[in-house]
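Peer 1: need a 3D model of the sequence below.
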Amino acid sequence: MMACHFSFNLIDSIWVGRLIGPAALAAVSTAGFYIWVALSLGEMVEIGLIAVAARRHGEGNPEQAARAAAAAVAYALLAGLVVSIAGWLVMGTMFRVMKIPSEVATLGRAYLSTWLLGAPLVFGFFAIEATFRAAGDTRTPFLMLAGSVCFSIALDPLLIAGVGPFPRLGVEGAALASVMVRGGGFLLGLVIALRRGLVRIGAPDWRTLPTIIRIGAPLSLAGVLLSVIYMWLTRFTSRFGTPALAALGVGHKMEGLGFIAISGFALAAGALVGQNLGAGQEARAREAVRLTVEYCLAVTVTTAIAFLLVPGRLVSLFTRDPQVIADGVLYLRVIAFAQIGQSFELILEGALAGAGYTFWPQIVSTSLTALRIPLAAWWSRGIGLLGIWLALSVTAISRGIAMILFWKGGRWRTVRV
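Peer 2: Next up is the predicted model:
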């Protein structure tokens, strides 16, 4: 499911990079940083609802879980609308702050403004997805997401290039295809959830919203900060030219191949911890986390090896430009070992969130993430683009070590949800 979520922007990047060129690829990547902000805010509802609804299911109270889900869906739609309006207001300033070339900024604004039209439905899908997952059903939302991805693969080139009866929309076509299929997935998921009694639209429990927001906000805001930091890193990267900007976007997306696997396992860990703690099974919750880490490492070690051995082939999926490929290869090789650190970081963050313990882990994680800015500024002056890539890798590994210490410390056992 996380792979499907990630695939939408990945598909957009591949098609615009091949059909339009490096400037469009850089535009989708830089616009993607605000989209990442939006999706991180959407995950606030997802993370918080999983913790609350999974605990209610574990306690044998599905009615309360359904009422909490109804409140979360309504809140998610409203939050998506607010994020859309905010995006339109700050868009111009955001691209100026990143100091990207004017051609890239123009294409980026076109892509982002179109994507924001469908943001409320994307937010709604996060809440519906969490509703199914908290009840232990990952199959239904996966099938909906997989279907949406297949439609996006087919629709993207048609709207970008204007094939047959479709208009030629360029980067706007890529964004439109992405939000159309996600919006359709949300509506379908809502209908299914209503029929199964997983959402009680007529009786939302608004009292659960503060708890959902309290639990989800630290992880969500950490994602927002990470996006803002990438925007700032773009200022440093732009000094090395448009190919370096495109490589940052490509590298970030390829790194995301491991990230989505880790995030999927992290969400599973959160649901399992919540359900088992609700049932009074702390030992089983610990065992679930241990197994989840082991399964995830089987995936991320494989991606790390691929980043080291065949980085050129991976980057060439997006572009044929030799300089973009060279800068992207350097990114993947430097970031390879961070895949291991992120496995521990994200899964243990998810487990701690499932227990309702998110504040202090995110304070530490956010502080380490913020170090990327001074480290990138310092190291890039001495060793160029390599310094920026190293700043990303070192801080990711450090966050993993920090989350291990929080999980071993055990303070999460005393939190009440």
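
Peer 1: got the contact list for F236?
Peer 2: A376, A377, S380, I388 (Cβ atoms under 8 Å, 6 or more residues apart in numbering). Every residue, glycine included, has its C-beta placed from N, CA and C.

Peer 1: out of these, who's the most crowded?
Peer 2: I388 (26 neighbours; other Cβ atoms under 10 Å).

Peer 1: where does that residue land in three-state SS?
Peer 2: What DSSP: H, G, I helix; E, B strand; the rest coil gives for I388 is helix.

Peer 1: which pLDDT value goes with it?
Peer 2: Looking at I388, its pLDDT is 92.

Peer 1: G21 versus that one, what's the distance?
Peer 2: Distance of I388 to G21, computed by Cβ to Cβ, to the nearest Å: 23 Å.

Peer 1: can you check L248 too?
Peer 2: Remark: distance between L248 and G21 (Cβ to Cβ) = 16 Å.

Peer 1: V334 now?
Peer 2: V334 is 26 Å from G21, by Cβ to Cβ.

Peer 1: which of these two has more neighbours?
Peer 2: V334 (22 against 18).

Peer 1: contacts only, for the more buried one.
Peer 2: Contacts of V334 by Cβ under 8 Å, 6+ apart are L386, W389, L390, L392, S393.

Peer 1: wait, what's in contact with the third one?
Peer 2: The reference is to L390. If you count contacts by Cβ under 8 Å, 6+ apart, then L390 has V334, L375, W379, I383 around it.

Peer 1: now these as CSV including pLDDT and secondary structure?
Peer 2: Output for the contacts of L390, formatted as CSV (pLDDT from 0 to 100; DSSP: H, G, I helix; E, B strand; the rest coil):
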residue, pLDDT, secondary structure
V334, 92, helix
L375, 94, helix
W379, 93, helix
I383, 92, helix
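
Peer 1: make a PyMOL selection of the buried ones in these.
Peer 2: A single PyMOL command selects the buried members of the contacts of L390 (16 or more other Cβ atoms under 10 Å):
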select buried, resi 334+375+379
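
Peer 1: and the furthest pair within the contacts of L390?
Peer 2: Greatest spacing in the contacts of L390, by Cβ to Cβ: V334 and L375 (12.9 Å).

Peer 1: biggest separation within the contacts of F236, which pair?
Peer 2: A377 and I388 (8.9 Å).

Peer 1: ok so, going back, now distance to S343 too, for the contacts of V334, in JSON lines please.
Peer 2: As requested, the contacts of V334 are arranged in JSON lines below (distance: Cβ to Cβ, whole Å):
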{"residue": "L386", "distance to S343": "24"}
{"residue": "W389", "distance to S343": "19"}
{"residue": "L390", "distance to S343": "20"}
{"residue": "L392", "distance to S343": "16"}
{"residue": "S393", "distance to S343": "14"}
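
Peer 1: from the contacts of L390, pick the one nearest Q64.
Peer 2: L375 (45.9 Å).

Peer 1: now do the same end-to-end measure for stretch 129-145.
Peer 2: One end of stretch 129-145 to the other measures 10 Å (Cα to Cα, to the nearest Å).

Peer 1: show me what it is in contact with.
Peer 2: In this structure, residues lying in contact with stretch 129-145 by Cβ under 8 Å, 6+ apart are 1, 4-5, 45-47, 49-50, 52-54, 57, 62, 65, 69, 72-73, 128, 185, 188-189, 192-193, 198-199, 267-268, 271, 274-275.

Peer 1: next one: stretch 68-75
Peer 2: Residues contacting stretch 68-75 (Cβ under 8 Å, 6+ apart): 45, 48-49, 52-53, 56, 124, 127-128, 130-131, 134, 190, 193, 198-206, 208-209, 212.

Peer 1: in ChimeraX, how would I select the buried members of the residues you listed?
Peer 2: Remark: buried members of these, expressed as a ChimeraX selection using 16+ other Cβ under 10 Å:
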select :45,48,49,52,53,56,124,127,128,130,131,134,190,193,198,199,200,204,205,208,209,212
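
Peer 1: now the strands for the protein?
Peer 2: Counting by DSSP state E, no segments of the chain form strands.

Peer 1: quick one: contacts for S316?
Peer 2: So, once contact is read as Cβ under 8 Å, 6+ apart, S316 ends up touching I325.

Peer 1: quick one, phi psi at P165?
Peer 2: Dihedral pair for P165: phi -80, psi -10, per degrees, to the nearest 10.

Peer 1: try D321
Peer 2: Torsion angles, degrees, to the nearest 10, at D321: phi -70, psi 120.

Peer 1: so where's the stretch 201-350 of the chain shaky on pLDDT?
Peer 2: 218-219, 222-223 (pLDDT under 70).

Peer 1: try it again at 50.
Peer 2: Within the stretch 201-350 of the chain, no stretch has pLDDT under 50.

Peer 1: list the residues that contact E349.
Peer 2: L219, A266, T358, P361, Q362, S365, M403.

Peer 1: rerun that using 10 Å as the cut-off
Peer 2: 47, 218-219, 222, 262-263, 266, 269-270, 342, 358, 361-362, 365, 399-400, 402-403, 406-407 (Cβ atoms under 10 Å, 6 or more residues apart in numbering).

Peer 1: distance of it relative to G162?
Peer 2: Counting by Cβ to Cβ - E349 and G162 are separated by 43 Å.

Peer 1: distance check, the residue lying closest to F95 once chain neighbours are set aside against L169.
Peer 2: In this structure, F95 finds its nearest non-sequential neighbour in A105, 4.2 Å apart by Cβ to Cβ, 6 or more residues apart in numbering. Remark: distance between A105 and L169 (Cβ to Cβ) = 18 Å.

Peer 1: neighbour count: these two, which is higher?
Peer 2: Ranked by neighbour count (other Cβ under 10 Å), A105 and L169 place A105 first, with 22 against 18.

Peer 1: hang on, isn't that one packed against A24?
Peer 2: No: applying Cβ atoms under 10 Å, one finds A105 not in contact with A24, separated by 12.0 Å.

Peer 1: list residues touching both of those two?
Peer 2: In contact with both A105 and A24: no residue, using Cβ under 10 Å, 6+ apart.

Peer 1: and the contacts of V334, which is closest to W36?
Peer 2: L392 (14.4 Å).

Peer 1: so what's that closest one up against?
Peer 2: L392 neighbours (Cβ under 10 Å, 6+ apart): 229-230, 233, 248, 251-252, 255, 331, 334-335, 338, 369, 372, 375-376.

Peer 1: in the residues you listed, which residue is surrounded by the most others?
Peer 2: In the contacts of L392, the most neighbours by other Cβ under 10 Å go to L248, 29 neighbours.

Peer 1: for the nearest residue to E59 once chain neighbours are set aside, give its distance to V329.
Peer 2: In space, and not counting its chain neighbours, E59 is closest to G278: 4.9 Å by Cβ to Cβ, 6+ apart. Distance of G278 to V329, computed by Cβ to Cβ: 47 Å.
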